[in-house]
Each structure stands twice: as structure tokens, then as C-alpha cells.
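Trainee: Quick one, what's the 3D model for this:
(one chain, ligands or ions: 1)
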Amino acid sequence: MSTPLVELRSVRKSFGGIRAVDDVNLSLWPGEVVAVLGHNGAGKSTLMKALAGAYAIDEGEIRINGERATIARPSDAQALGVEAIHQTLALADNLDSVANLFLGRELKTRWGTLDDFAMEKAAREVFRQLNPNFRNIRVPVRALSGGQRQVVAISRAIHYRARALIMDEPCAALGPEETRMVHELVRRLKAAGVGIFLITHDMPDVFGLSDRLCVMKNGRAVGTYRTADVTEDEVLGMIIAGRKVTRVPEALAAEAAA
Ligand SMILES: Nc1ncnc2c1ncn2[C@@H]1O[C@H](COP(=O)(O)OP(=O)(O)OP(=O)(O)O)[C@@H](O)[C@H]1O
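Mentor: The predicted model follows:
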């Protein structure tokens, strides 16, 4: 049996009197997509931000590759191979894709100048792996489509060796063609063994991409199931009414590894 990439055990996080995340257990395995669902305010972002190092947890533990991790800031998470891709993508719009890939971590020549040649070569290689049709790497990212911007943001994470990705509504503003492209990208990442937590409200994303899903409500996990085991109505019942599915067993860490 392999080890989960990420294990969140009895995680709690409050803001003042609000229990944003209340005793949540969730795991992520290599090459797995786990959808994290719930209404606004359910606690999805807080849980994922804790994993990404934006907030320290109050109680519980985070294990990465089987070892207990202390994640107090984003650089701690990144050093452990966990990267979050925010909905805003955090790209520098006036710079091209190559410059965005290396933003803040530019390659230098031995004379201390920017090594444009090396950066472009490395960038082409990363973009080629993720999307062979992606060619506009020298135009400002402002001019790219939403789907291409996703490619740039994801490439940055992959280039820095992310093994676990947190994606926040990656298809929210995209048309059908671009959505297909991002779905294809997620499948490529899966095939490469990357684990993905996918925060989404979109049922086609959930049923088209995820292996398991976890529904949250009022800071608690309503249930975690194999996506193939549950229907869309059952998922909506969990999101809206907090109604757990009893027809099939839950799929927590141990079952997922079987
Ligand atoms: N920085 C913060 N300070 C105070 N309260 C917060 C903070 N962040 C989140 N909360 C509260 O914690 C609860 C969970 O919010 P969270 O953003 O995690 O939910 P969510 O499921 O991600 O919702 P959304 O889909 O709107 O992002 C909410 O009651 C929210 O108001």
C-alpha cells in the first residue's frame, strides 16, 4: 500500500468565534483528484489555505508523504511540494509566459544577467509537456485566453516540482473549448502522479474529473465518497441539506488505497 501525498487529520481552524473548519479528515493520493464541495462559507477555502500555508491550523495535523508537517507559511507548503493555484492565478499581466514561469526565481547567467535563453528553453519544455498546442509564450499573458492563463499558472507549480496541487474553480470563467483544455490538463497531471484538490461548484467538473469528493457544510465534512458511487442528486443533498449518503460506504483514506 502506498502512502497518501496529503493527510489532513482532525483539522480545526477558527476565526474568533467562527469554526471555519471543524474536525475535518481528508486524504489525497498520488494521481488522484479529490473535489472539495460546499456552499459559500462551508470552509473549503479555509481548509485548503491551511494546507497551502496561508493559515496555521489550531488543532489536528497535516501529514505530507506520511510525515507530520509544520506548515506555517506558503514557502513551507511549497518546500513540501504543495502549491495552490488561486482563482486570480496571480500572474503578472504585462509579462510573457516565460517571465511568469520564472517570476521571482529567474535564471541568471554566470555574469549575473538574466539568462533568457535558458529560461525560454526550460519554459518551452514545461509548456510542451502540459499542452503541446501552447505556443504564444512570448506575448504578455494579458493577451492570452483564460485557459492558456491556467496553463501558465499550473506550469509554474509543476516546474517547481509540486506533487499536490490545490485548484480553485479552474473552469469558472471559461467557455466549453477552454474547459475541455483544462480538463485535459488535469488528466495529464493525474497521469504524471500529481494529486489535485479541486475546489469547485461545478457538477460537470466534479463528475468529469474527480475520483473522490468531499462535501463540507458549516466547517464540517458531511461525507467523503468515491465520485462513481454517488449521484448528482445525492451530492446536491449533501451540499444543500447536509444529508449524508448511507446507501454506499464512505471512501476515507484506507478504502481509497485499496
Ligand atoms: N480570514 C477570515 N477571518 C474571519 N472569518 C473568516 C476568514 N476566512 C473565512 N472566514 C469565515 O470562515 C467560514 C468559512 O469560510 P470559507 O471561506 O473557508 O468558506 P468557503 O467554503 O471556501 O466559501 P466560498 O465558496 O465563499 O469561498 C465563513 O463563515 C467565513 O466567513
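Trainee: Now do the contacts for residue 24.
Mentor: Contact analysis of residue 24 by C-beta atoms under 8 Å, 6 or more residues apart in numbering lists 8, 10, 11, 12, 43, 47, 60, 216, 219, 220, 221. Just so you know, the C-beta spots here come from the backbone N, C-alpha and C atoms, and that holds for glycine as well.
Trainee: how about the helices in the stretch 51-200 of the chain?
Mentor: For the stretch 51-200 of the chain, applying DSSP state H, counting those that start in this stretch gives helices covering 74-79, 97-101, 116-130, 146-159, 176-191.
Trainee: which one of those lies closest to the ligand?
Mentor: helix 74-79 (15.3 Å; C-beta to the nearest ligand atom).
Trainee: List of residues touching that closest one?
Mentor: With C-beta under 8 Å, 6+ apart as the test, helix 74-79 has contacts from 51, 52, 53, 54, 69, 70, 71, 83, 84, 160, 162.
Trainee: what's the spacing between the first one and residue 111?
Mentor: When distances are taken as C-beta to C-beta, to the nearest Å, residue 51 and residue 111 turn out to be 40 Å apart.
Trainee: Show me which residues of the chain sit near the ligand.
Mentor: 15, 18, 20, 38, 40, 41, 42, 43, 44, 45, 46 (C-beta under 6 Å from any ligand atom).
Trainee: Among those, which ones are in strands?
Mentor: 15, 18, 20 (DSSP state E).
Trainee: Just the buried ones from those residues?
Mentor: Buried members of those, scored by 16 or more other C-beta atoms under 10 Å, are residue 20.
Trainee: The ones in strands among the residues of the chain next to the ligand into a markdown table, with extra columns for pLDDT?
Mentor: Output for these, formatted as a markdown table (pLDDT from 0 to 100):
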| residue | pLDDT |
| --- | --- |
| 15 | 95 |
| 18 | 94 |
| 20 | 96 |
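Trainee: Residue 237: which of the ones in strands among the residues of the chain next to the ligand is nearest?
Mentor: Relative to residue 237, the closest of those is residue 20; by C-beta to C-beta it sits at 22.9 Å.
Trainee: Identify the residues contacting the closest one.
Mentor: Residue 20 neighbours (C-beta under 8 Å, 6+ apart): 13, 14, 43, 46, 219.
Trainee: for the fourth one, what are its contacts?
Mentor: Residues touching residue 46, when contacts are defined by C-beta under 8 Å, 6+ apart, comprise 13, 15, 20, 21, 55, 219.
Trainee: which of the residues you listed sit farthest apart?
Mentor: 55 and 219 (13.3 Å).
Trainee: Got the domain ranges for this structure?
Mentor: 6-81+163-257, 94-161 (automatic domain parsing).
Trainee: Would you show me how to pick out the buried ones of the contacts of residue 20 in PyMOL?
Mentor: Selecting only the buried entries of these in PyMOL, with 16+ other C-beta under 10 Å as the criterion:
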select buried, resi 13+43+46+219
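Trainee: ok, the contacts of residue 20 vs the ligand, which is closest?
Mentor: For the contacts of residue 20, the nearest to the ligand is residue 46 (3.3 Å; C-beta to the nearest ligand atom).
Trainee: looking at the domains of the chain, which is buried most?
Mentor: Among the domains of the chain, domain 6-81+163-257 has the highest mean neighbour count (mean count of other C-beta atoms under 10 Å), at a mean of 18.
Trainee: I'd assumed residue 140 was in contact with residue 93.
Mentor: Yes. Residue 93 lies in contact with residue 140 (C-beta atoms under 8 Å); the separation is 6.5 Å.
Trainee: Residue ranges in the chain under the pLDDT threshold?
Mentor: 1, 253-258 (pLDDT under 70).
Trainee: Strands of that one, residue ranges please.
Mentor: In the chain, strands defined by DSSP E lie at 6-15, 18-28, 33-37, 59-64, 67-69, 82-85, 164-168, 195-199, 212-217, 220-226, listed in chain order.
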